[in-house]
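> Next input, structure requested:
(one chain, ligands or ions: 1)
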Amino acid sequence: MKLYYAPRTRAARVMWLLEELELPYELERGEFRPPATQFFAQSTPTGKYPTLEDGDVTMIESGAIVEYILERYGEGRLAPAVGAPDRAAFLQWLHYAESTAFPPIGIIVWLTRYRGEDDALADLLEDARARAASGFTYLDACLGDKTWLLGEMFSAADIMMGFTLIAAQSVGALEDVPRLQVYVRRLLERPALQKVVAAQ
Ligand SMILES: N[C@@H](CCC(=O)N[C@@H](CS)C(=O)NCC(=O)O)C(=O)O
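Presented below is the predicted three-dimensional model:
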């Protein structure tokens, strides 16, 4: 497998998963270029990070890539089996990470890092911060005192969510959810994630 990777992009999720599963892969490293006018313009075969190549397969979408790797090479690791009782929670958190929790964080990152905070954008920023907070308040209540999202079993849902939370922390969006801060610290203790951090 070849992973097109740029630091601080969602490619971190895929690298983290490959490291957790101890699978062989080639890392093709580039730098993220914030889109000015043109999207799909990164230095990868698709124009997006992450991009995965595996033989004839070329894929984008971090969540889909995570599911593909688990199905093809996971050998049952890091995911409850199809039909198992925990499968529903696994799928829910895997998708919540990118579909519900990340979008307001993406807006905050975009406005504060690439557009600059000015008065014209303040309303949008406030709205995104409020939506981020409600998404994390729900997650915080569901995580409760559990070690990982599925309890004692670390899964790829923690990888998907971990990237979202680390991005959220970098824009100050986890300040009111101390249990999620503790969860992030626990995630950062994992050797596989430390390898991703070292590659930044
Ligand atoms: N939902 C997609 C988002 C992919 C995405 O937007 N990636 C960013 C980097 S994190 C990118 O390549 N942006 C360039 C662009 O939008 O053209 C995923 O989870 O992979």
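
> mind giving me the domain split of the protein?
Following automatic domain parsing, one finds the domains of the chain at 2-79, 87-190.

> Name the stretch from the ones you listed that approaches Val196 most closely.
Closest approach to Val196 among those is made by domain 2-79 (4.9 Å; CB to CB). Where you see a C-beta, it was placed from the backbone N, CA and C, and this is true even at glycine.

> Met1 contacts Asp54, doesn't it?
Yes. Counting by CB atoms under 8 Å, Met1 does reach Asp54; the two are 4.7 Å apart.

> circling back: and the domains of the chain as CSV, adding mean neighbour count and distance to Ala199?
Putting these into CSV (neighbours: other CB atoms under 10 Å; distance: least, CB to CB, whole Å) gives the following:
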stretch, mean neighbour count, distance to Ala199
domain 2-79, 17, 7
domain 87-190, 17, 14
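
> residues from this structure in reach of the ligand?
Residues of the chain that fall close to the ligand, judged by CB under 6 Å from any ligand atom: 9-10, 32, 35, 39-42, 47-50, 60-63, 98.

> change it to 8 Å
6, 8-11, 13, 32-35, 38-42, 44, 47-50, 60-65, 98, 102, 106 (CB under 8 Å from any ligand atom).

> For Leu52, grab phi and psi.
Main-chain dihedrals, Leu52, degrees, to the nearest 10: phi -120, psi 130.

> Quickly note the distance from it to the ligand.
As judged by CB to the nearest ligand atom, to the nearest Å, Leu52 and the ligand stand 10 Å apart.

> who are the neighbours in contact with that residue?
Counting by CB atoms under 8 Å, 6 or more residues apart in numbering, Leu52 makes contact with Met1, Lys2, Leu3, Tyr4, Val14, Thr58, Met59, Ile65, Tyr68, Ile69.

> ok, then the element right after the lowest-mean-pLDDT helix or strand in the chain?
Ranked by mean pLDDT, DSSP states H and E, the weakest helix or strand in the chain is helix 119-143, scoring a mean of 94. Sequence order places helix 156-170 as the next helix or strand after helix 119-143, per DSSP states H and E.
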